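K.L.:
any chance you could fold what I've pasted below:
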Amino acid sequence: MTRSMTCNKPLSQGFTLIEVMISATILAVGLLALAGMQVSAIRGGKQGRHTTEAAAIARSQLEQFDRMAWGSLGATPWTAVAPVTNSGNTVQSTAGNLVEEAYNIQWRITDVVANETKNIDVQVTWTDNSNGQAKTLVLSTTKYNGPVE
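P.N.:
Predicted coordinates:
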């Protein structure tokens with residue numbers, strides 16, 4: 001009788017401890033990267049919200065100038081108005097919305113062509129609470145003194 005010399009070693013099944021540890025490390029690094037991206041997305045959303053609010057405030061002021069009669073729009077250097085003040089963490093804006101920042105509004109009216117066109121610039125500034133950096137948004141328009149065709 002002849003016996004074959006084959007090794008009947010059982011096939012290994014499952015994962016070894018080192019494979020599980022490497023997989024857990026890779027997963028942890030990936031989750032940390034996602035958490036960092038989430039923080040960046042939240043900051044970006046906050047900055048976008050404040051920029052949008054500043055644009056709405058500036059647009060509202062430009063619309064007020066657009067409704068004014070030509071004669072009441074004299075040339076002025078940068079004119080500061082009373083800032084939208086911060087009381088705690090929320091501010092009541094001119095649009096009636098609650099916002100987290102205090103915005104300062106300034107405007108300048110210049111004659112482009114005498115008695116024909118005026119350039120109106122509205123500047124809104126605020127300080128970003130997360131890093132203390134000053135932010136500025138400027139919207140401009142040109143008002144024409146004449147019939148609309």
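
K.L.:
who does whatever helix or strand H50 lives in touch, helix- and strand-wise?
P.N.:
With secondary structure defined by DSSP states H and E, H50 is part of helix 17-67. Under the contact definition 3 or more Cβ pairs under 8 Å, 6 or more residues apart in numbering; DSSP states H and E, helix 17-67 sits against strand 104-113, strand 117-127, strand 134-144. Using the backbone N, CA and C atoms, a C-beta is placed for each residue, glycine as well.

K.L.:
ok, then the element right after that helix?
P.N.:
Downstream of helix 17-67 (by DSSP H and E), the next one is strand 76-80.

K.L.:
roughly how far apart are T76 and F65?
P.N.:
From T76 over to F65 the distance is 11 Å, taken as Cβ to Cβ, to the nearest Å.

K.L.:
the more surrounded of these two?
P.N.:
Taking other Cβ atoms under 10 Å, T76 and F65 do not tie; F65 has more neighbours (16 against 11).

K.L.:
tell me if I'm right that the more buried one and L73 touch.
P.N.:
Yes. Using Cβ atoms under 8 Å, F65 makes contact with L73 at a distance of 6.6 Å.
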